[in-house]
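Undergrad: Turn this into a structure:
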Amino acid sequence: MTTLRPAITLDFLRNRQRGRLPELLGVELISLESGTLTGGLPIRPELLAPNGFLHAASVIGLADTCCGYACIAHLPEGAKNFTTVELKSNHVGTAREGRIIAKATAVHLGRSTQVWDALVTNDDGKTVALFRCTQMILY
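TA: Numbers count the residues shown, from 1 in each chain. The predicted model follows:
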């Protein structure tokens, strides 16, 4: 099983997102542990759909970022990077204010692929989305 890379810290990941989509969205990294990474996204008007509810792309942006950063932190020895080859999300709730939290959890940490799940919740702890992605490991 792949273990957490000690050199990949929250500060390393925060620096990595500068000038990129996660920074534009406002993704905030909360915690990184073996097999998991948690991040948050403060809700602001720009992240809402025209109907006034949180846009699905905002939710996916947070979940995919958390899973991707978790993948980087758990790359197998000799791996250089990854790319997403599949993702799926089920949206079962929403939010209009506050923030949403995504907790990415490892499902499979292989040498050629990784599978990550993210549970996205609102401030009340209610589920907003269930997310799963498969990452291809690059050498």
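
Undergrad: alpha carbons only for contacts and neighbour counts from here, please
TA: Will do.

Undergrad: Quick one: the helices in the protein, in order.
TA: 10-16, 21-25, 56-73 (DSSP state H).

Undergrad: Can you tell me which of these is packed in deepest?
TA: helix 56-73 (a mean of 24; mean count of other C-alpha atoms under 10 Å).

Undergrad: if I read this right, S31 contacts R14, doesn't it?
TA: No: under the criterion of C-alpha atoms under 8 Å, S31 is not in contact with R14, lying 11.6 Å apart.

Undergrad: who's in contact with the spatially most central residue of the chain?
TA: In the chain, the residue lying closest to the centroid (C-alpha atoms, centre = their mean) is C66, at 1.8 Å. C66 is in contact with 37-39, 102-104, 118, counting by C-alpha atoms under 8 Å, 6 or more residues apart in numbering.

Undergrad: quick one on the thing from earlier: got the helices of the chain as CSV, with mean pLDDT and distance to P50 columns?
TA: As requested, those are exported to CSV (pLDDT from 0 to 100; distance: least, C-alpha to C-alpha, whole Å):
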stretch, mean pLDDT, distance to P50
helix 10-16, 98, 30
helix 21-25, 98, 17
helix 56-73, 98, 12
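
Undergrad: right, so of those, which gets closest to N90?
TA: helix 56-73 (9.6 Å; C-alpha to C-alpha).
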